[in-house]
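In: Sequence isn't available, so here's the structure alone:
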């Protein structure tokens, strides 16, 4: 069909318009791409490659205080006019869990075919001047207390003195000498303290030691105050009622380590006071709370608030510990002397499972022996073996054979050195436990089926994987590897391990008539998970066995304890390698019940349960 002149003109013009439209689209796409590049750079807190070097350097300096916080930046629609474009930016910072959100506008300019940001400080933060820097201030309220079940503080802010050297008040030439004298006055390493003092700034206070109020005479010599530059700074820090009070269990508070900062996923910063061990570490986030946070623009002495959020106070942690009982248990263990081996005492209330005391002796050297120290429990474990035998049909008056020794697969087991001759031979089950006959129980091993010992242990609170919410272990009762190990397990040797906490749980379960799971946190009572729960009849038989230990057996020294009848079980466990004479070192154990109290005592190296651990249990029951 012929083309009209009008249509011919339109067709001729069309090729001229197409390049112009393509040029316009390309230019708009380039501005959009520049905006996207800017956003990508800002997400990395950088202007490298999207603005000139001076702008990039200025932005890096202003953004540095926010380096620890995540940011999301999004760009709106680009509006272009010739060689200039603007794009709205939406900023959202995550500052200590708070959203700091605001809008700015970025300007883009085209030069020599390339688009870059014409950056200013106001593009970063609304109203931010070029000479202003950002500042983020975090301030925590007082750390929450650790309290007892009645709400009375255990760990709370208590007065201390920070002893050290104030370099601003001593002649620079005398810093080293003063530092050494201060070190001698407070009993720390003189060379190390001198090096720290000489390396500190000219106005620094160089701390040497922190001493709780009232204990100055113990740690600081009288001549401290006469030393040039010596200074005591009054302060308050979270402390328990005494220096030793449940120290290994509670843990300590101090300045965050590099490891603590890294592990916190941004919640902890350098300089924060945090829990460093024990319960203070486990429940640090709750006890610490969250900080008040202020973001400011700072120029010299002038400060402008840009954003602020209130923090939350820490939440107190309530424990079941009886403060008097804990202090008393520690005093009893201290009676072993300064050079005593590791020792521990755990007291549980059978009716509730509450841990009333979890004390470590001085020989523990920082180890939490009371709730995490796993050792061979020796004859205290015969309560578990007794339950297994009861379940196998052995009655308290059934007769067992108690020879002086018994050989199993070539290994000879004997009774302890002072085992009474009158309790050898054919004796009742009750008598065998009362006097702690090893050979009687080993001789009855064929009555203990596979898995029966582990099941009995679980019913009395020993072994198994369980999260108690605090640093704790309930020991282990692994399946024996061979007949000799099975025999050793029955008398608390072999690979059987228990903590003082676990053995206190055994005594508590016997007294309560049901499996007791020891709980230390008021709000977190444990749940028993025994495949065959302890019955009241079984518990009654075990109570009779523990009472027989006191009335006729190896713990008659407890018979005079006033009040409700005392039940007990002694224990001595060999460990390590024999000496030249073939003798082994021995752990000393004692467990006992007295009314609504169940207690386990452990001494790492002792003569026997009755001789070493027994007097400690006696002293405890005489108080409570």
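Out: Yep, it's here. Bear in mind the structure is a predicted one, so any value in this text is a computation, not a measurement. Residues are numbered from 1 along each chain as shown.
In: Buried residues, stretch 560-577. List them.
Out: By neighbour count on 16 or more other Cβ atoms under 10 Å, the buried set for stretch 560-577 is 561, 566-573. C-beta coordinates here come from the backbone N, C-alpha and C atoms, glycine included.
In: Quick one: name whatever helix or strand follows the helix or strand where residue 163 lies.
Out: Element membership of residue 163 [criterion: DSSP states H and E] is strand 153-166. Next helix or strand after strand 153-166 toward the C-terminus (DSSP H and E): helix 175-186.
In: next one: the next helix or strand after that next one to chain centre, how far?
Out: With elements assigned by DSSP H and E, the helix or strand that comes after helix 175-186 is helix 190-199. In terms of Cα atoms, centre = their mean, to the nearest Å, the centre of helix 190-199 is found 32 Å from the chain centre.
In: which outside residues touch helix 190-199?
Out: If you take Cβ atoms under 8 Å, 6 or more residues apart in numbering as the criterion, helix 190-199 is touched by 165, 167, 175-176, 178-180, 182-184, 206, 208.
In: burial of the closest residue to residue 520 other than its chain neighbours, as a residue count?
Out: Using Cβ to Cβ, 6 or more residues apart in numbering and skipping the chain neighbours, the partner closest in space to residue 520 is residue 355 (4.5 Å). Using other Cβ atoms under 10 Å, residue 355 has 29 other residues around it.
In: which secondary structure element contains residue 355?
Out: Counting by DSSP H and E, residue 355 is found in strand 354-360.
In: got the contact list for that strand?
Out: 149, 246-249, 319-322, 325-326, 328-330, 332-333, 342-349, 367-371, 501, 518-520, 597.
In: I'd like the list of those residues that fall within strands, please.
Out: Per DSSP state E, strands hold the following members of the contacts of strand 354-360: 343-349.
In: burial count for residue 394?
Out: Count around residue 394 with other Cβ under 10 Å applied: 18.
In: what about it, which SS state?
Out: Following DSSP: H, G, I helix; E, B strand; the rest coil, the label given to residue 394 is coil.
In: so who does it touch?
Out: By Cβ under 8 Å, 6+ apart, the contact set of residue 394 is 400, 429, 444, 447.
In: Look up phi and psi at the first one.
Out: By that I understand residue 400. Backbone dihedrals for residue 400, given as degrees, to the nearest 10, come out at phi -120, psi 160.
In: Kindly state the pLDDT recorded for residue 269?
Out: Residue 269 carries a pLDDT value of 87.
In: quick one: residue 438 and residue 491 touch, right?
Out: Yes - counting by Cβ atoms under 8 Å, residue 438 touches residue 491, with 4.9 Å between them.
In: which neighbours do these two share?
Out: Common neighbours of residue 438 and residue 491 (Cβ under 8 Å, 6+ apart) are 379, 413.
In: List the buried residues for stretch 295-307?
Out: Across stretch 295-307, burial judged by 16+ other Cβ under 10 Å covers 295-297, 306-307.
In: residues in contact with it?
Out: Under the criterion Cβ under 8 Å, 6+ apart, residues 95, 98, 100, 125, 127-129, 131-137, 294, 308 lie in contact with stretch 295-307.
In: which among these end up buried?
Out: Buried among the contacts of stretch 295-307 (16+ other Cβ under 10 Å): 95, 98, 100, 125, 128, 132-134, 136, 294.
In: count of neighbours near residue 177?
Out: Using other Cβ under 10 Å, residue 177 has 15 neighbouring residues.
In: and residue 416, that's in a strand?
Out: No - assessed with three-state DSSP, residue 416 is coil; it does not lie in a strand.
In: And residue 211, its phi and psi?
Out: When read as degrees, to the nearest 10, the backbone of residue 211 gives phi -130, psi 130.
In: quick one: it and residue 190, what's the gap?
Out: Distance, residue 211 to residue 190, by Cβ to Cβ, to the nearest Å: 18 Å.
In: Among these two, which residue is more densely surrounded?
Out: residue 211 (19 against 15).
In: Tell me the bridge partners for that one.
Out: Counting by DSSP bridges, residue 211 forms beta bridges with residue 161.
In: residues in contact with it?
Out: 160-161, 163, 186, 218-220.
In: what's across from the closest residue to residue 133 other than its chain neighbours in the sheet?
Out: Nearest non-adjacent residue to residue 133, counting by Cβ to Cβ, 6+ apart: residue 298, 5.2 Å away. Per DSSP bridges, residues listed as beta-bridge partners of residue 298: residue 133, residue 303.
In: any idea how far residue 298 is from residue 462?
Out: 61 Å.
In: what's the answer for residue 260, then?
Out: Here residue 260 is placed at a distance of 34 Å from residue 462 (Cβ to Cβ).
In: Looking at the buried ones among the contacts of stretch 295-307, which are in strands?
Out: Among the buried ones among the contacts of stretch 295-307, the members falling in strands (DSSP E) are 95, 98, 100, 133-134, 136, 294.
In: From the contact counts, what lies against the strand holding residue 163?
Out: Counting by 3 or more Cβ pairs under 8 Å, 6 or more residues apart in numbering; DSSP states H and E, the packing neighbours recorded for strand 153-166 are strand 146-147, helix 175-186, strand 205-212, strand 230-239.
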